[in-house]
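*Asks:* no sequence for this one, just the structure:
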């Protein structure tokens, strides 16, 4: 079982899609923040970005992640985060200057590798001690990026037993492997003792790691200089005496060794993402998009419980800039005019609705108990009742969820009128104390999880919430571009959890505006016809079970009378007696109905 199973909401099949990558990025960012106590940027490697190693300020991930690799990716991120926390990057940056001052600049590359090796051992020791819960991720990281069966066998074989730098680097990097042979090279046991892994915590900082790396370099340099060619040749023969002939070839071993060197030097291969993918991942992260699984019945009447609906919480700049789902754009002059018209209409409504902000006060006098009425004390005798009590009541809070069909058939005058009236109601809710309004849009868009532009996903866009949003957020309704299909029941099933139940202290309403049949098709799943209509009716019924009052408006379309009759019958099946049919030019009827609703004088003490 993966360590990541504890925080992954579900197990993705195959390579993680963009939504899953965004969720993983968010989770790893939290891990890194907890570990480093800093705001370290965590993102995915871009194809036009060569900085794929940790520089102390950011961490890059590979975009190729699956359930088989997730733990190793988390482990690598934590490993790089530990460098951000414990490594002095100033020392690494000026390594050449330090070596120049010590007159050993010629050994820069070898010392740099030795330094990275020693620093990793120091950092790993700190991590295992201070964050034991991350050990599983670390093991997965080393198993994927460092450990190798080829190396295990090669350590016992005849290769890399020459008395030279390459052989020593190979043996030093793997000196703590259980298969290591300290007799493979003359000075290897001396190196092992000098590193002294059991007491690695004696190294307090990166400069201490550098001092040890220089010590190892100087020790080996002196060893090489002390040997004559004949002694070197004789020593190599001794080194190979106990070697196992059944070992990988030089080429196989060299390839595995190169991978280890890349890991030690912080150059792990990371699959790159395109600039477009990176923008979309960022948009998903900033927009707090999540994937809900709902039940739906296909056209053959088969119930499916694994249908996906993407829930978008708010319309952000990043989601518009990245054109995520292909349904957002910056508004044109006409859209802005509709928004302004909606605000003006909202101001007119607001003037009529101030009464619901009032508090009703009732004073009861001449009582036998309560507070003393000072105005009656002067005339009091033992028979008078001089106490009073004040009862206060206010209008019952109203929670309204206004859900709009945003499919392509709503284009034109329908959407213009819907936008004006929706903005008006949003404006009213921002200025009323006991009216909460949430506005959602139901539609479909291009699935960012799949590469094909013909692959679509049902979308529930929670565009506005008067409890947390402002007028500027309300104006972002103009950023939505009407398009897509009508996954009615699927989106209503996802919407149910966002609608509060009615109670003695709250009246909850669902207001629906739509104009057609439920329709959706993707990846062999077809959602339409009678089964989709009945499925939508069931979704509405489940919402009503919470005591939510449903008001549904069918915005009529210019169709033949036969087709219209069919639409009317389907709409009544889905929404029941609450179904109302209105002309596109009279969408203000919805606003008028809600105006009357707001004026209801239901009081609670």
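*Replies:* Noted; the coordinates are in hand. Being a predicted model, the structure only gives us computed values, none of them experimental.
*Asks:* and the strands in the stretch 51-200 of the chain, which stretches?
*Replies:* Taking DSSP state E, counting those that start in this stretch as the test, the strands found in the stretch 51-200 of the chain are 58-61.
*Asks:* how about low-confidence regions in it?
*Replies:* Applying pLDDT under 70 to the stretch 51-200 of the chain flags residues 51-55.
*Asks:* what of the chain?
*Replies:* 1, 46-55, 353-395, 450-454, 558-562, 578, 584, 594-605.
*Asks:* okay, which residue is most central for it?
*Replies:* Central residue of the chain (CA atoms, centre = their mean): residue 23, 3.3 Å from the mean position.
*Asks:* check contacts around that one.
*Replies:* Taking CB atoms under 8 Å, 6 or more residues apart in numbering, we find residue 23 in contact with 9, 290. Quick note: C-beta positions are derived from backbone N, CA and C, even for glycine.
*Asks:* from residue 291, how far out is it?
*Replies:* 8 Å (CB to CB, to the nearest Å).
*Asks:* and residue 318, how many neighbours?
*Replies:* By other CB atoms under 10 Å, 16 other residues sit near residue 318.
*Asks:* list the contacts of the strand or helix carrying it.
*Replies:* Here residue 318 sits within helix 317-321, counting by DSSP states H and E. Around helix 317-321, the neighbours that count as contacts under CB under 8 Å, 6+ apart are 279, 282-283, 286-287, 312, 328-330, 479.
*Asks:* 10 Å instead?
*Replies:* 279-287, 289, 312, 324-325, 327-331, 461, 476, 479-481 (CB atoms under 10 Å, 6 or more residues apart in numbering).
*Asks:* give the buried subset of the residues you listed as a PyMOL selection command.
*Replies:* Here is the PyMOL selection string for the buried members of the contacts of helix 317-321, based on 16 or more other CB atoms under 10 Å:
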select buried, resi 279+280+281+282+283+284+285+287+289+312+324+325+327+328+331+461+476+479+480+481
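*Asks:* give me the subset of the contacts of helix 317-321 that lies in strands.
*Replies:* Among the contacts of helix 317-321, the ones falling in strands (DSSP state E) are 312, 461.
*Asks:* the residue nearest to the centre of the chain in helix, strand or coil?
*Replies:* Using DSSP: H, G, I helix; E, B strand; the rest coil, the structure places residue 23 in helix.
*Asks:* how about the one 4 residues further on?
*Replies:* When states are read from three-state DSSP, the local structure at residue 27 comes out as helix.
*Asks:* so how far is residue 34 from it?
*Replies:* In this view, residue 27 and residue 34 are 11 Å apart by CB to CB.
*Asks:* ok, now residue 403?
*Replies:* Applying CB to CB to residue 403 and residue 34 gives a distance of 38 Å.
*Asks:* neighbour count winner among these two?
*Replies:* The residue with more neighbours, out of residue 403 and residue 34, is residue 403; 25 against 12, by other CB under 10 Å.
*Asks:* could you measure from that one over to residue 192?
*Replies:* Applying CB to CB to residue 403 and residue 192 gives a distance of 69 Å.
*Asks:* for residue 265, what are phi and psi?
*Replies:* Residue 265 has phi and psi values of phi -90, psi 10 when expressed as degrees, to the nearest 10.
*Asks:* you'd agree it is up against residue 117?
*Replies:* Yes. With contact defined as CB atoms under 10 Å, residue 265 reaches residue 117; the gap is 9.3 Å.
*Asks:* what about the two, which has more around it?
*Replies:* Ranked by neighbour count (other CB under 10 Å), residue 265 and residue 117 place residue 117 first, with 22 against 15.
*Asks:* and that one, what does it touch?
*Replies:* Shown in contact with residue 117 (CB under 10 Å, 6+ apart): 169, 172-173, 175, 195, 209, 212-213, 216, 260-261, 264-265.
*Asks:* for ChimeraX, what selects the buried ones among those?
*Replies:* If you want just the buried ones from the contacts of residue 117 in ChimeraX, going by 16+ other CB under 10 Å, the selection is:
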select :169,172,173,175,195,209,212,213,216,260,261,264
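*Asks:* between the contacts of residue 117, which is closest to residue 139?
*Replies:* The closest of the contacts of residue 117 to residue 139 turns out to be residue 260 (CB to CB; 16.3 Å).
*Asks:* in what helix or strand does the closest one lie?
*Replies:* With DSSP H and E as criterion, residue 260 is part of helix 250-264.
*Asks:* list the buried residues of that helix.
*Replies:* For helix 250-264, the neighbour count (16+ other CB under 10 Å) marks 252-254, 256-257, 259-261, 263-264 as buried.
*Asks:* ok, now stretch 183-194?
*Replies:* Neighbour-count burial for stretch 183-194 flags 184-188, 191-192 (criterion: 16+ other CB under 10 Å).
*Asks:* burial measure for the closest residue to residue 60 other than its chain neighbours, as a count.
*Replies:* Leaving out its chain neighbours, the residue that sits closest to residue 60 by CB to CB, 6 or more residues apart in numbering is residue 45, at 4.7 Å. Other residues lying near residue 45 total 20 when counted by other CB under 10 Å.
*Asks:* next: residue 137.
*Replies:* The local packing of residue 137 (other CB under 10 Å) involves 24 other residues.
*Asks:* contacting residues around the residue nearest to residue 583 when sequence neighbours are not counted?
*Replies:* With sequence-adjacent residues excluded and distances taken as CB to CB, 6+ apart, residue 583 is closest to residue 556, at 5.7 Å. When contacts are counted by CB under 10 Å, 6+ apart, residue 556 is found next to 414, 515, 564, 567-568, 581-586.
*Asks:* having no further points to raise, I will conclude here.
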